[in-house]
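Asker: please find the sequence and the predicted model below.
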Amino acid sequence: MENPTITIISRLCVGLVAVAMTTAVVCAQNQLQNAGFETAGTNDSLAANWTMFNGAARQGTNNTTVSIRSGLWSLQTGAPQTYSLDACGAYQDVTASPGQNWRLTGYALTWINAKLTGPDSYGVLELQFLDSGNNILQITDSALLGQSQAFPVNTWVPLEADATAPSGTAKVRAYAMYLGDILDGGNIFFDDLSLYQPSTSGTASFTAQSGVQISWPTSSPTNGNTDYQLQRISALVYTNLPVVNVCSNGGFEGSATPWLTFNGGGWVSSNSYPVRTGGGSMRLMGASPSVPPGCWEDTATITPSLSVTPGQVWNLQGYGYDWSTLPMHNAGSRALLKIAWLNSSGTAVPPVSNDPNLIGSFDTAPYYGIVSSPQMNGTSPQNAWTFMQSQGTVPSNAVAVAIYCLLVPAGGSTETVFFDDVSFFQPVSFNGWVNYGPLWLGNGLTNSMVDAIGTNAARFYRMTTP
């Protein structure tokens with residue numbers, strides 16, 4: 001198989017509007033055939049117009065809240081059954097020329113009964129530009145779901161990739177893929193893909209009056225029956241802020257400091273023990289569930305003067321390792337990462353209930369906190385680094401935070417697990433566009449929205465499929 005890297009994007013119609021300026025825009029046409037995988041190929045597991053590989057299959061269900069975003073079908077992908085990193089997915093080719101701008105959009109989902117697991121797994125959409133001899137000239141990826149971007153369960157996550165075709169381009173190839181190997185698990189579903197060229201010229205179907213009123217005629221024949229969402233941004237040139245890891249010595253290099261260890265937690269060297277990167281890792285050993293081993297950092301040691309503010313979202317990530325030489329034995333044992341929100345007295349407080357940003361699950365009183373997903377146990381893959389993460393919103397009465405690596409043994413036998421490459425950070429937005437106003441239904445009616453921009457202000461707008 002050709003070397004794949006992926007990016008997916010929904011069909012967009014883009015409008016740029018500044019104060020006292022009128023711009024005409026055409027809705028770009030989706031170049032993908034069978035973009036929602038609704039039409040079968042030679043059998044129901046194959047999607048017409050798509051080349052599918054490494055076990056990818058067309059998935060149908062009556063439960064549209066699980067693995068179908070719209071229609072009756074989606075693309076199901078899973079971990080490739082190889083011991084080296086590989087891909088499972090589907091692609092489609094479209095004729096292209098040098099200098100053209102291309103955008104790939106779409107949605108991906110992993111659900112609770114088959115959620116993404118493993119040290120190397122991620123979901124991605126990708127644009128590849130090829131010459132007339134099928135040589136790859138350029139690759140552009142979307143965010144890597146499960147790695148560079150959080151991938152909450154039971155949530156359709158939008159992805160987008162933008163690129164300009166390089167010299168020599170004869171076609172653009174749009175991929176939707178699961179990247180991983182035999183040590184990874186779970187499924188990723190893809191649906192509602194779109195590949196198009198963003199356009200800023202054509203007949204006047206989008207207008208702005210005095211910079212404050214935007215009209216979009218959804219009854220236009222070019223719109224069909226598609227629903228649209230208006231988005232806005234204050235400047236077309238914007239910066240995606242980098243993720244800032246505030247965890248101190250999350251790689252356990254040289255020692256455990258400033259991590260505080262307890263009940264059998266301690267630093268070990270790569271000379272004798274498993275290490276994911278660098279020269280050290282954290283080893284936790286214990287046999288009694290009443291005195292679980294672990295290590296932790298709090299506000300004073302994570303980074304100088306760190307405080308958390310209610311409403312912020314924080315993400316804790318890291319890797320655990322079950323070593324066959326000193327293994328975890330019991331399926332009831334647990335190895336996990338944990339976030340604990342603290343009040344001004346240093347007491348753990350309950351996480352936000354029904355938190356839309358939650359990744360992981362809750363620990364209840366008296367050990368309040370958010371524990372990672374997945375958790376490791378005695379049935380986890382051995383001799384492989386397992387990716388874990390927890391995420392949540394800071395509750396209203398919290399002013400500080402503590403982060404933990406924990407092992408909770410079961411069954412009376414001595415259990416051992418290793419941790420490495422722990423990070424704690426605030427997730428950042430993947431792009432600068434935000435939704436403005438309600439969803440506009442493609443029902444043949446003309447909708448309008450008024451945005452009071454203000455004196456000497458400018459905004460830019462685009463329409464996107466939800």
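Answerer: That came in fine, so what should we check first?
Asker: only C-alpha atoms from now on, for both contacts and neighbour counts.
Answerer: OK.
Asker: so what pairs up with Ser390 in the strands?
Answerer: As for beta bridges, Ser390 partners with Leu316 under DSSP bridges.
Asker: that one touches Leu316, doesn't it?
Answerer: Yes - counting by Cα atoms under 8 Å, Ser390 does reach Leu316; the two are 5.2 Å apart.
Asker: number of nearby residues for Thr42?
Answerer: When neighbours are defined as other Cα atoms under 10 Å, Thr42 has 8 of them.
Asker: any idea how the chain splits into domains?
Answerer: 12-233, 260-425 (automatic domain parsing).
Asker: chain center to the helix or strand that Asp191 is a member of: distance?
Answerer: In the assignment (DSSP states H and E), Asp191 maps to strand 187-196. Centre-to-centre, strand 187-196 and its host chain are 14 Å apart (Cα atoms, centre = their mean, to the nearest Å).
Asker: quick one: secondary structure of Thr301?
Answerer: helix (DSSP: H, G, I helix; E, B strand; the rest coil).
Asker: on that earlier part again, in JSON lines: the domains of the chain, plus distance to Cys247.
Answerer: Compiled in JSON lines, the domains of the chain are given as follows (distance: least, Cα to Cα, whole Å):
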{"stretch": "domain 12-233", "distance to Cys247": "17"}
{"stretch": "domain 260-425", "distance to Cys247": "5"}
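Asker: by mean pLDDT, which helix or strand of this structure comes out lowest?
Answerer: Scoring the helices and strands of the chain by mean pLDDT, DSSP states H and E places strand 12-15 at the bottom, with a mean of 31.
Asker: whichever helix or strand comes after it - contacts with which helices or strands?
Answerer: Per DSSP H and E, strand 12-15 leads on to strand 51-53 as the next helix or strand towards the C-terminus. On a contact count with 3 or more Cα pairs under 8 Å, 6 or more residues apart in numbering; DSSP states H and E, strand 51-53 meets strand 86-95.
Asker: in the sheet, which strands lie alongside the strand it packs on, parallel or antiparallel?
Answerer: Counting by DSSP bridges, strand 86-95 is paired with strand 51-53 (antiparallel), strand 171-180 (antiparallel).
Asker: the stretch 151-300 of the chain: strands as residue ranges?
Answerer: For the stretch 151-300 of the chain, the strands defined by DSSP state E, counting those that start in this stretch cover 157-164, 171-180, 187-196, 207-209, 213-216, 228-233, 260-262, 265-269, 280-286, 294-298.
Asker: export those strands to CSV and append columns for distance to Asn113 and mean neighbour count.
Answerer: Below are the strands of the stretch 151-300 of the chain laid out as CSV (distance: least, Cα to Cα, whole Å; neighbours: other Cα atoms under 10 Å):
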stretch, distance to Asn113, mean neighbour count
strand 157-164, 17, 21
strand 171-180, 17, 27
strand 187-196, 9, 28
strand 207-209, 46, 19
strand 213-216, 40, 17
strand 228-233, 31, 21
strand 260-262, 34, 17
strand 265-269, 32, 21
strand 280-286, 29, 26
strand 294-298, 29, 23
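Asker: those: which one's closest to Asn54?
Answerer: strand 171-180 (9.9 Å; Cα to Cα).
Asker: just want the angle from that closest one to strand 157-164.
Answerer: 140 degrees (axes from the mean of the first three to the mean of the last three Cα atoms, to 10 degrees).
Asker: tell me the phi and psi of Ala114?
Answerer: As for Ala114, its main-chain torsions (degrees, to the nearest 10) stand at phi -150, psi 50.
Asker: any idea how far it lies from Ala143?
Answerer: 21 Å (Cα to Cα, to the nearest Å).
Asker: do Trp341 as well
Answerer: For Trp341, the distance to Ala143 - Cα to Cα - is 29 Å.
Asker: for the two, indicate the residue with more neighbours.
Answerer: Neighbour totals were compared for Trp341 and Ala143, and Trp341 leads with 26 against 22 (other Cα under 10 Å).
Asker: just the pLDDT for that one.
Answerer: Confidence at Trp341, expressed as pLDDT, is 95.
Asker: and the host helix or strand of it, what does it pack onto?
Answerer: Assigned by DSSP H and E, Trp341 falls within strand 334-342. Packed against strand 334-342, as judged by 3+ Cα pairs under 8 Å, 6+ apart, are the following elements: strand 313-321, strand 369-371, strand 385-393, strand 400-408.
Asker: now the shortest one: mean pLDDT?
Answerer: Per-residue pLDDT over strand 369-371 has a mean of 95.
Asker: where does pLDDT dip in the protein?
Answerer: For the chain, the stretches flagged by pLDDT under 70 are 1-28, 61-66, 199-230, 235-243, 303-305, 428-459, 464-466.
Asker: quick one: Glu413 and Gly186, what's the gap?
Answerer: I think there's a mix-up here, since residue 413 is Ser and not Glu. Ser413 is 29 Å from Gly186, by Cα to Cα.
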